[in-house]
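S.K.: sequence plus the predicted model coming up.
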Amino acid sequence: MAIFDRATLRQLRIFDAAARHLHFARAAAEIHVTQPAISIQLRQLEHIVGAPLFEQMGRRKHLTRTGTELARHARIVLVQLRQADEALRKLNSPAAGLLEIVSTTTAEYFVPRLLAEFRKSRPGLSVRLTVKNRDAVIRDLADNTVDLAVMGRAPAGLDTTAVAFATHPLAIVAAPDHRLARRRRVRLEELAEEPFLVREYGSGTRDAMERAFAVRHFQPTEMIEIGPNEAIKQAVMSGMGLGFVSLHTIGAELATSRLVVLAVAGMPVMRQWYAIHRKTKQLSLAAADFKKFLVAQGATQLHDSMMRP
């Protein structure tokens, strides 16, 4: 009997999560089961396959060659089933179904508001929003596991359709008592000795900063990797250094004078926000409508979100 005749969908979903995370506790948290249940199901699947799927090297788990091959096919099966489910939902109720959106961490400051506004006329629509850094969003697009991605730049080397729906300003921010906070004009070169608090590699904001600095032949003496936007904002407010951030992430801090935007010549750096999907993606009615909504109302909604603390 063929392997996929004996393996259950539950086992494939559990294996898919474990193969992506290479960490059983994280896989268990994602699919809302216990870690012992993960281990039991995977042992049963290994028995069906007739070979180990994971191997332990030091403190890290790795897929075996069998596990790698099964993971590739299991992912295809699960994607096809999800698409079949969505197609059937759409047949029964075009305004219902599931809309799956992934956004970069910077976009999480406004995407929920956009989705809330969009759903006002579609109360039957279910929405699943996940927030990840740029590299992880690109992987989701490559795997074709989401309807749309909201991010600051289309990925290179991936066949996608990207539609700009709003401008995306990024600038250098400081604590209100910084020595240059009240200056009407600041040269970027004056900041060379200032510590810069930066996002992790793989972040769209980090990429935008490095591109902007490279064009201006500017390199800070010290860069301190902090990570999330919130951690950077807190560190800047405490006087630890300067931050290069999206202005869409600091509306509340600007409104309450906890942060200031330095008047650096040539800034803010203007980028775009995009709605992106694979070029061959068959968008559901809800996804196509949300894409149209972003183009029609996204810029206004973002402007309003910057004005509201």
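M.R.: Structure's in. What do you need?

S.K.: beyond the one helix or strand residue 79 maps to, next helix or strand please.
M.R.: Taking DSSP states H and E as the definition, one finds residue 79 inside helix 65-92. Next in sequence after helix 65-92, counting helices and strands by DSSP H and E, comes strand 98-104.

S.K.: list the contacts of the very next helix or strand once past that following strand.
M.R.: Downstream of strand 98-104, the first helix or strand assigned by DSSP H and E is helix 111-119. Residues outside helix 111-119 that contact it (Cβ atoms under 8 Å, 6 or more residues apart in numbering) are 99, 101, 103, 125, 127, 129, 150, 289-290, 293-294, 297-298, 301, 305. Using the backbone N, CA and C atoms, a C-beta is placed for each residue, glycine as well.

S.K.: mind doing that once more with 7 Å?
M.R.: 101, 103, 125, 127, 129, 150, 290, 293-294, 298, 301, 305 (Cβ atoms under 7 Å, 6 or more residues apart in numbering).

S.K.: with stretch 235-242 instead?
M.R.: Stretch 235-242 is contacted by residues 172-175, 191, 194-197, 224, 226, 243, 258-259 when judged by Cβ under 7 Å, 6+ apart.

S.K.: quick one: mean pLDDT over that stretch.
M.R.: The average pLDDT for stretch 235-242 rounds to 96.

S.K.: so which bits of that stretch are buried?
M.R.: 235-237, 241-242 (16 or more other Cβ atoms under 10 Å).

S.K.: rewinding a little: what angle do the helix holding residue 79 and strand 98-104 make?
M.R.: 130 degrees (axes from the mean of the first three to the mean of the last three Cα atoms, to 10 degrees).

S.K.: tell me the mean pLDDT over helix 65-92?
M.R.: Model confidence over helix 65-92 averages 85 on the pLDDT scale.

S.K.: all helices of the stretch 101-250 of the chain, in order?
M.R.: Per DSSP state H, counting those that start in this stretch, the stretch 101-250 of the chain carries helices over the ranges 111-119, 134-143, 204-215, 229-237.

S.K.: which of the residues in the longest one are buried?
M.R.: It stands for helix 204-215. Buried positions in helix 204-215, judged by neighbour count with 16+ other Cβ under 10 Å: 204-209, 212-213.

S.K.: next: the second one.
M.R.: By neighbour count, and taking 16+ other Cβ under 10 Å as the criterion, the buried residues in helix 134-143 are 134, 137-138, 141.

S.K.: and the angle for that helix with helix 204-215?
M.R.: Using the same axes, to 10 degrees: helix 134-143 against helix 204-215 is 110 degrees.

S.K.: how about the buried residues of stretch 235-242 in TSV, adding distance to residue 274?
M.R.: Putting the buried residues of stretch 235-242 into TSV (distance: Cβ to Cβ, whole Å) gives the following:
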residue	distance to residue 274
235	29
236	27
237	30
241	30
242	27
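
S.K.: which other helices and strands contact the helix holding residue 79?
M.R.: helix 9-21 (3 or more Cβ pairs under 7 Å, 6 or more residues apart in numbering; DSSP states H and E).

S.K.: again, 10 Å this time
M.R.: helix 3-6, helix 9-21, helix 35-49, strand 54-57, strand 60-63, strand 98-104, helix 134-143, helix 285-307 (3 or more Cβ pairs under 10 Å, 6 or more residues apart in numbering; DSSP states H and E).

S.K.: residue 186 is nearest to which of the ones you listed?
M.R.: helix 285-307 (21.6 Å; Cβ to Cβ).

S.K.: now the two most distant members of the buried residues of helix 134-143.
M.R.: 134 and 141 (10.6 Å).

S.K.: related to what we said a few turns ago, most packed of the helices and strands packed on helix 65-92?
M.R.: Across the helices and strands packed on helix 65-92, the average number of neighbours (mean count of other Cβ atoms under 10 Å) peaks for strand 98-104, which reaches a mean of 23.

S.K.: domain ranges for this structure, per the record?
M.R.: As recorded under automatic domain parsing, the domains making up the chain are 3-76, 93-166+272-307, 167-271.

S.K.: work out the gap between stretch 247-264 and the centre of the chain.
M.R.: The chain centroid and the centroid of stretch 247-264 are separated by 23 Å, computed with Cα atoms, centre = their mean, to the nearest Å.

S.K.: now that stretch: average pLDDT?
M.R.: On average, stretch 247-264 scores 93.
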